[in-house]
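A.B. asks: sequence first, then the predicted structure:
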Amino acid sequence: MTALAPGKALRLAFGETITDLAATDKRIVVLDGDTGSSTFTSLFEAEYPDRFFQMGITEQNMLGMAAGMASLGLVPIVSTFSCFIVSRAHDSIRVLIAQPRANVKLMGGYAGLLAGMTGKTHLMFDDVSIMRAMANMTVVAPADEVETRSALKAIIEYDGPVYFRLTRSDSPILFDDDYEFKLGKAVTVRKGTDVTVFSTGVQTARAYEAAEALALEGIDVHLVHVPTIKPLDVDAVVAAAAKTGLVVTTEEHTIIGGLGGAIAEALGVNAPTPMTLHGLQDVFGESGPDGALLDKYGISAEKTAAAIRDAVANR
Amino acid sequence: MTQTMTNYTPDDMAEFARQARVRILEAVKHANGGHVGGPYSAADMLAVLYFGMLNIRPDEPDWPDRDRFVLSKGHSSIALYTMLALRGYFPVEELLTFDSIDSRLQGHPDMTLTPGIDMSSGSLGLGFAGALGIALGARATGRDFTTFVMLGDGECNEGVVWEGAHVAARYALDNVVAIVDHNKLQQFGWTGESLDDRITPYTGTQLADRWRAFGWEVMEMDGHDIPEVLATLEAAKQVEGRPAAVIAHTVKGKGVSYMEGNYTWHSRVPNDEEFAIAMRELGESEGGAS
């Protein structure tokens, strides 16, 4: 497989970027759910101790307090593990952030399958489905450190609640330094003619490596990265699907209601297209090293290539 | 902090509370639904807040330096709407749109719709968290206003209340005053000696003890004694170095004999006869004020 250049973990890019942005944007404050040493809000605290608020392990309260701070014109960036934001504090988000459109940015750290040795309690890969179903919520899953930096800037400029998906492990670099994320826009990563693959988050790097490997077999993949899962770039999705007439979606997330679900909804209504939903099945995760987890749960670059290969063979 | 000055006397506040009880029952009867017991236990305190305590500008609801009030026991919304109307935020006639389609007066407070609502609430315990965020944000932005937040005693069952109580004490948020409407009953509650008998969620000093244990300055008051409410809230506002909680001893359904202490009036619509009795007891003509 063609390897991309190694890059930082999205969490590290996040910690660095919010610290940079806070220098010029005085509205930014950070609320931490006692995980700053993991999520790298520690970098922000070191630079801006007066704008860093340790909330302890009080997620429901933390998300509510963020809404109160937002009502004064501050831009609270709330950070802890995705499972604790999305599941534990769901009601606070719904009632105090989504319904009033509070300008709070929800940083779902350690999202997806690769959360070290935590196991099923902490492995959160139905976060996109849950947050996508909530009215007024924008959902973004960046692919690499470059896109994380650009997307953070964009979502802080945007006035409204955003769920932002961050991951723990180092991620290869997919985009050039001058790449600019545009909220609500999908981006073509690779042009091809045989099959359209839609991917999001850090899974896009695996999809890219899969596509490059498949090219050697004569399968020409059209790869579209969808960092904003809600609102979905429906026009781009329909156009990209029409290019090949065959669609595979892939994500480090359950196939129920995430990127695959969103694209199935869009294509089903607008342009029905044969499609395969590739990603995590209807299961919870378990502890294990990254490579073993990716392999066992079927979303490694190799297994992603196999899913695309099968879809093309069966068209 | 400065002493709050308004032109209203305690007698005026008592009169506004009386009018509020009339308008509350009218709105609930008109909507054919809504809460009564909790609004009635809170009415006197809300009258003190809106006519004797809060530094606000009804003609400029979003004035950045205003005191904030959050009704965390959001199901008592009609009491708050009534007080906002009486204070001049919108016409009292609008109260009869309560709970109707397209109304600005929703079943629970919605900060995006109603002038004067500083924080949405309804899912219990969350308004309290929002209020604490306002207080912490006020400190972070160098603003010197007070945030008042009213909780129910049943609401204090919620774990999120105690998450917030801990964090507020950790930050020594002395710009927030929590008022706990301790009316001793919740919607259904725990059974007492018979199925008709419902007991208080917190007996004796349990509620005060809890807040004190979480590091709050605790005061107690009779939530229906207007001069005492005025004095206690003023004292709570002046507390320095820690947040203040005022346990307000109240009677659910206060002001109408057949509602007082009767849990079934938590949420109930009066029939015509009950309405007439209530209006009479509230010193209003039997047809109400509207």
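C.D. replies: That came through fine. Numbering: from 1, shown residues only, chains lettered A, B, ... in the order given.

A.B. asks: all helices of the chain, in order?
C.D. replies: Unless you meant another one, I'm taking chain A. Counting by DSSP state H, the segments of chain A that form helices are A:10-22, A:36-39, A:41-47, A:59-70, A:82-83, A:90-92, A:127-132, A:145-157, A:203-216, A:234-244, A:259-270, A:290-296, A:301-313.

A.B. asks: let me rephrase: I mean chain B.
C.D. replies: In order along the chain, chain B carries the following helices (DSSP H): B:10-31, B:37-48, B:77-87, B:126-140, B:159-170, B:206-213, B:226-238, B:272-281.

A.B. asks: packing partners of the longest one?
C.D. replies: Put plainly, it is helix B:10-31. helix B:37-48, helix B:77-87, helix B:226-238, helix B:272-281 (3 or more CB pairs under 8 Å, 6 or more residues apart in numbering or on different chains; DSSP states H and E). C-beta coordinates here come from the backbone N, C-alpha and C atoms, glycine included.

A.B. asks: between those, which one is closest to chain A.
C.D. replies: Nearest to chain A among the helices and strands packed on helix B:10-31 is helix B:77-87; the distance by CB to the nearest CB comes to 13.7 Å.

A.B. asks: packing partners for the closest one?
C.D. replies: Using 3+ CB pairs under 8 Å, 6+ apart as the contact criterion, the neighbours of helix B:77-87 among helices and strands are helix B:10-31, helix B:37-48, strand B:68-71.

A.B. asks: partner strands of the last one and their direction?
C.D. replies: I take that to be strand B:68-71. Strand B:68-71 has the following sheet partners, assigned by DSSP bridges: strand B:147-152 (parallel).

A.B. asks: next, the angle helix A:59-70 makes with the strand it pairs with.
C.D. replies: Angular relation of strand B:147-152 and helix A:59-70 on a 0 to 180 degree scale: 140 degrees, by axes from the mean of the first three to the mean of the last three CA atoms, to 10 degrees.

A.B. asks: and the contacts of strand B:147-152?
C.D. replies: The list of residues contacting strand B:147-152 from outside it, by CB atoms under 8 Å, 6 or more residues apart in numbering or on different chains, reads B:38, B:42, B:45-46, B:49, B:53-54, B:67-73, B:76, B:124-125, B:127-128, B:131-132, B:134-135, B:138, B:161, B:175-181, B:183, B:186, B:233.

A.B. asks: swap the cut-off to 7 Å and go again
C.D. replies: For strand B:147-152, contacts defined as CB atoms under 7 Å, 6 or more residues apart in numbering or on different chains pick out B:38, B:42, B:49, B:67-73, B:127-128, B:131, B:134-135, B:138, B:161, B:175-181.

A.B. asks: repeat for stretch B:25-43
C.D. replies: Among residues not part of stretch B:25-43, those counted as contacts by CB under 7 Å, 6+ apart are B:17, B:20-21, B:24, B:73, B:75-76, B:78-79, B:95-96, B:98-100, B:150, B:152, B:181, B:183, B:223, B:250-255, B:259, B:265-270, B:275, B:278, B:288-290.

A.B. asks: run through the residues that contact the spatially closest residue to B:P227 that is not a sequence neighbour.
C.D. replies: Distances taken as CB to CB, 6 or more residues apart in numbering or on different chains put B:P10 closest to B:P227, at 5.2 Å, once the chain neighbours are dropped. Contacts for B:P10 were tallied using CB under 7 Å, 6+ apart; they are B:I226, B:P227, B:L230.

A.B. asks: quick one: the closest residue in space to A:T138 that isn't next to it in sequence from A:N103, how far?
C.D. replies: If you skip the residues right next to it in sequence, A:T138 has A:V162 as its closest partner in space, 4.5 Å away by CB to CB, 6+ apart. Taking CB to CB, to the nearest Å as the measure, A:V162 and A:N103 are separated by 9 Å.

A.B. asks: do the same with A:D126
C.D. replies: 25 Å.

A.B. asks: just the buried residues of the contacts of B:P10.
C.D. replies: B:I226, B:L230 (16 or more other CB atoms under 10 Å in any protein chain shown).

A.B. asks: who in the stretch 101-250 of chain B is up against chain A?
C.D. replies: Where the stretch 101-250 of chain B comes near chain A, counting by CB under 7 Å from any CB of the partner chain, the residues are B:111-112, B:118-120, B:122-123, B:126, B:129-134, B:136-138, B:140-141, B:160, B:163-164, B:166-167.

A.B. asks: redo that, cut-off 6 Å
C.D. replies: For the stretch 101-250 of chain B, the contact set with chain A under CB under 6 Å from any CB of the partner chain comprises B:111-112, B:120, B:123, B:126, B:129-130, B:132-134, B:137, B:141, B:160, B:163-164, B:167.

A.B. asks: if we can go back for a sec, comparing A:V162 and A:N103, which residue is more hemmed in?
C.D. replies: The residue with the greater number of neighbours, taking A:V162 and A:N103 and applying other CB atoms under 10 Å in any protein chain shown, is A:V162; the counts read 25 against 22.
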